[in-house]
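A.B. asks: sequence and computational prediction follow.
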Amino acid sequence: MVDWYQALTVAITGIVSVFLALGILSAVVGLAGRLFAQADLRQKQKQAVQKDATQKGSAKVGSVA
């Protein structure tokens with residue numbers, strides 16, 4: 001005969017494990033997304049600073065001539 005208590009225990013354990021794994025995966029993906037967004041923002045800020053410095057440097061060169 002089928003031991004329904006054991007079958008139900010295995011089924012519930014499996015379902016809980018799947019949702020737990022999906023929750024962990026979701027958290028890791030969200031964290032990775034934030035890290036990539038921060039890295040992208042830092043890169044854009046660095047490029048903007050370099051662009052400003054380049055424009056100021058070219059303005060000084062233009063004013064000298």
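C.D. replies: Here it is on my side, so go on. Numbering: from 1, shown residues only.

A.B. asks: please report the distance of residue 17 from residue 10.
C.D. replies: According to C-beta to C-beta, to the nearest Å, residue 17 stands 10 Å off from residue 10. From N, CA and C alone the C-beta is placed, and that goes for glycine too.

A.B. asks: starting at the chain centroid, how far to the helix or strand harbouring residue 29?
C.D. replies: Using DSSP states H and E, residue 29 falls within helix 4-64. Helix 4-64 sits 2 Å away from the centroid of its parent chain (C-alpha atoms, centre = their mean, to the nearest Å).

A.B. asks: could you measure from residue 4 over to residue 33?
C.D. replies: Counting by C-beta to C-beta, the gap from residue 4 to residue 33 is 43 Å.

A.B. asks: swap that for residue 20, sorry
C.D. replies: According to C-beta to C-beta, residue 20 stands 21 Å off from residue 33.

A.B. asks: check residue 44 too.
C.D. replies: Distance of residue 44 to residue 33, computed by C-beta to C-beta: 16 Å.

A.B. asks: confidence score at residue 37?
C.D. replies: pLDDT recorded at residue 37 is 96.

A.B. asks: against residue 45, how distant is it?
C.D. replies: Residue 37 sits 13 Å away from residue 45, going by C-beta to C-beta.

A.B. asks: now swap in residue 30 and tell me
C.D. replies: From residue 30 across to residue 45, the span is 23 Å (C-beta to C-beta).

A.B. asks: before we move on, what about residue 56?
C.D. replies: 17 Å.

A.B. asks: same check, this time on residue 5
C.D. replies: Distance of residue 5 to residue 45, given as C-beta to C-beta: 60 Å.

A.B. asks: try residue 1
C.D. replies: 68 Å.

A.B. asks: of the two, which one has the most company?
C.D. replies: Comparing residue 1 with residue 45 by neighbour count (other C-beta atoms under 10 Å), the higher total belongs to residue 45, at 10 against 3.

A.B. asks: now for that one: which residues touch it?
C.D. replies: Taking C-beta atoms under 8 Å, 6 or more residues apart in numbering, we find residue 45 in contact with no residue.

A.B. asks: and the pLDDT at it?
C.D. replies: 91.
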